[in-house]
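Enquirer: need the 3D shape of this:
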Amino acid sequence: MPTSVEKQSVNGMGKWTIESLPRQPGRVALITGGNSGIGFETALELAKKDVRVLLACRNGKKAEEAKGKILDRYPNALVDPVTVDLTKLSDVRRLAEQVRKHYDRLDLLINNAGIMMSPYQVTEDGFENQLATNYIGHFALTGLLLPLLTGTPGSRIVTLSSLSYKWAEIDFDDLHAGKGYSRRKAYGQSKRACLIFAFELQRRLSAAGYDILSVAAHPGLAKTNLDQYFPVLIRPLGSLFLQPARQGALPVLYAALSPEVAGGDFIGPDGFRQMRGYPVKVEADAYSKDQQVADRLWRVSEEMTGVRYPVTPPGKLP
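Expert: Just a heads-up that it's a prediction; the model follows:
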């Protein structure tokens, strides 16, 4: 019988089976935060399809350990551990240069790494830590790898958001929480930014005529190591109410692999309030699709990172 990772519904119409997809030797995927949780489960399933997986992790030792676990499960896997600290723009540039130097294609970029509700911290570049890790580092990495992605036919960029995007809009007047810090609001803002970015990136790619898909995904409520900053008494409750990480990886895998996916889609679970279940296309709120908000966020993101994308907004000339 198929496992929970192998079968999933698609908009309520039948089941999508990962095992039914052909193997994909020669393809290359980079996954940030691929050493644990949803990132690890995604990496494992891609490796089973003979995709060469670049595990981009902050900790090199943990990346090597994750590689070993994948090889234990699938000895023929092609896994390359690489390191990156997404809170440091200099390190993001180093990784992008390394990837461009050693690989001649990139079929999948999965912007997965994240932290949740961490204590207040400002990075060396002057960014609030959750925004830096979850969004700014991925904005920079995607832009720096875009030439490699545009040179790979049929490539995809999958950016992880969260149901928590509803917790906050973008506070352009206090983007880095200098006037007061709320862990919850900062996390929500970072995941809202990821969602807006995924949509706006697709608009710009389409306007520029690139054959690339930008897709957003969220895992519902899944048991991962993101709960490390939760109160000790609350953390054990996760095993009772949260779905396993391998189930949370399903929307990411569907976004990355399914031929049913179109650019600008948002993929999440089909269960009650999108908290758990099998992947379907879901809707975002109007704010996440607002063009003025997207343009402003994009402009600010380019200013913060110094990364300029070779794409322009629809209807605007370079």
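Enquirer: only C-alpha atoms for contact and neighbour calcs from this point on.
Expert: Noted.
Enquirer: in stretch 170-183, what's buried?
Expert: For stretch 170-183, a neighbour-count test (16 or more other CA atoms under 10 Å) marks Ile170, Leu175, His176, Ala177, Arg183 as buried.
Enquirer: just the residues you listed: which are in helices?
Expert: Here DSSP state H is the test, and the buried residues of stretch 170-183 give Arg183 as lying in helices.
Enquirer: between the buried residues of stretch 170-183, which is closest to Ser164?
Expert: Arg183 (11.7 Å; CA to CA).
Enquirer: nearest spatial neighbour of that closest one, skipping sequence neighbours?
Expert: Using CA to CA, 6 or more residues apart in numbering and skipping residues adjacent in sequence, the residue nearest Arg183 is Met117, 4.5 Å away.
Enquirer: Lys62 too?
Expert: Nearest non-adjacent residue to Lys62, counting by CA to CA, 6+ apart: Asn35, 6.3 Å away.
Enquirer: am I right that that neighbour is in a helix?
Expert: No - under DSSP: H, G, I helix; E, B strand; the rest coil, Asn35 falls outside any helix and is assigned coil.
Enquirer: give the burial count for it, as a bare number.
Expert: 30 (other CA atoms under 10 Å).
Enquirer: cool, and the one 3 residues further on?
Expert: For Ile38, the tally of surrounding residues (other CA under 10 Å) stands at 27.
Enquirer: okay, and it sits in which element?
Expert: Element membership of Ile38, judged by DSSP states H and E, is helix 37-48.
Enquirer: following element in sequence after that helix, please.
Expert: Past helix 37-48, the next helix or strand by DSSP H and E is strand 52-57.
Enquirer: how far off helix 37-48 does that following strand point, in degrees?
Expert: Counting by axes from the mean of the first three to the mean of the last three CA atoms, to 10 degrees, strand 52-57 lies at 160 degrees to helix 37-48.
Enquirer: which residues in the protein form strands?
Expert: 7-9, 15-17, 28-32, 52-57, 79-83, 108-111, 156-160, 213-217, 266-269, 279-281 (DSSP state E).
Enquirer: those: which one's closest to Asp72?
Expert: Among these, the nearest to Asp72 by CA to CA is strand 79-83 (12.0 Å).
Enquirer: mean confidence for the closest one?
Expert: In this model, strand 79-83 has a mean pLDDT of 97.
Enquirer: any idea how many residues pack against the closest residue to Lys289 other than its chain neighbours?
Expert: Nearest non-adjacent residue to Lys289, counting by CA to CA, 6+ apart: Ile196, 6.5 Å away. Using other CA under 10 Å, Ile196 is surrounded by 25 other residues.
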